[in-house]
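Trainee: Dropping the sequence and predicted coords here.
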Amino acid sequence: QVQLVESGGGLVQAGGSLRLSCLVSDPTFSAANVGWFRQAPEKEREFVAASTRSGIRTSYGESVKGRFTISRNPLNNTVYLQMSTLKPEDTAIYYCAARRRPGTDSLNDARLYDYWGQGTQVTVSS
């Protein structure tokens with residue numbers, strides 16, 4: 001069973017930076033890809049970023065391209081989301097997710113992810 005635990009959320013001013021962490025417990029190596037999604041109040045869940053297990057292939061949502069970076073550290077089983085030039089519209093609960101299905105197709109499709117963390121709140125003040 002894959003378990004995901006996010007951390008690093010908080011309150012930051014617009015223009016600032018924040019780094020989220022997702023500790024991935026995957027004893028059977030069943031998680032092929034890991035992604036970040038977010039959900040703001042009364043809005044649909046939105047794809048933020050995803051990475052293959054190797055970290056070679058990444059994908060980003062249009063609204064965060066050029067500002068956010070996803071990375072993985074296999075030494076400590078952690079996936080990071082470095083967020084820069086934050087905007088008030090980035091305010092949301094951020095979720096880490098993992099899927100068993102390998103490959104790079106449909107990395108932005110939340111329905112294909114099998115495991116989810118509990119989420120961490122990010123609030124950007126104007």
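Mentor: Perfect, thanks for sending it. Residues are numbered from 1 along each chain as shown.
Trainee: Please compute how far stretch 62-71 lies from its chain's middle.
Mentor: 10 Å (C-alpha atoms, centre = their mean, to the nearest Å).
Trainee: I meant to write stretch 14-25 there.
Mentor: On C-alpha atoms, centre = their mean, the centre of stretch 14-25 falls 8 Å from that of its chain.
Trainee: Quick check: buried residues in that stretch?
Mentor: 18, 20-22, 24 (16 or more other C-beta atoms under 10 Å). Using the backbone N, CA and C atoms, a C-beta is placed for each residue, glycine as well.
Trainee: What about those residues, which are in strands?
Mentor: 18, 20-22, 24 (DSSP state E).
Trainee: which among those residues gets closest to residue 85?
Mentor: residue 18 (10.9 Å; C-beta to C-beta).
Trainee: coming back round to it: and which of the buried residues of stretch 14-25 is nearest to residue 44?
Mentor: residue 20 (20.0 Å).
Trainee: was I right about that closest one contacting residue 122?
Mentor: Yes: the pair residue 20 and residue 122 passes the contact test of C-beta atoms under 8 Å, sitting 7.4 Å apart.
Trainee: Columns pLDDT and distance to residue 47 on top of the ones in strands among the buried residues of stretch 14-25, output as TSV?
Mentor: Shown next, in TSV, are these (pLDDT from 0 to 100; distance: C-beta to C-beta, whole Å):
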residue	pLDDT	distance to residue 47
18	98	18
20	98	15
21	97	19
22	96	15
24	92	18
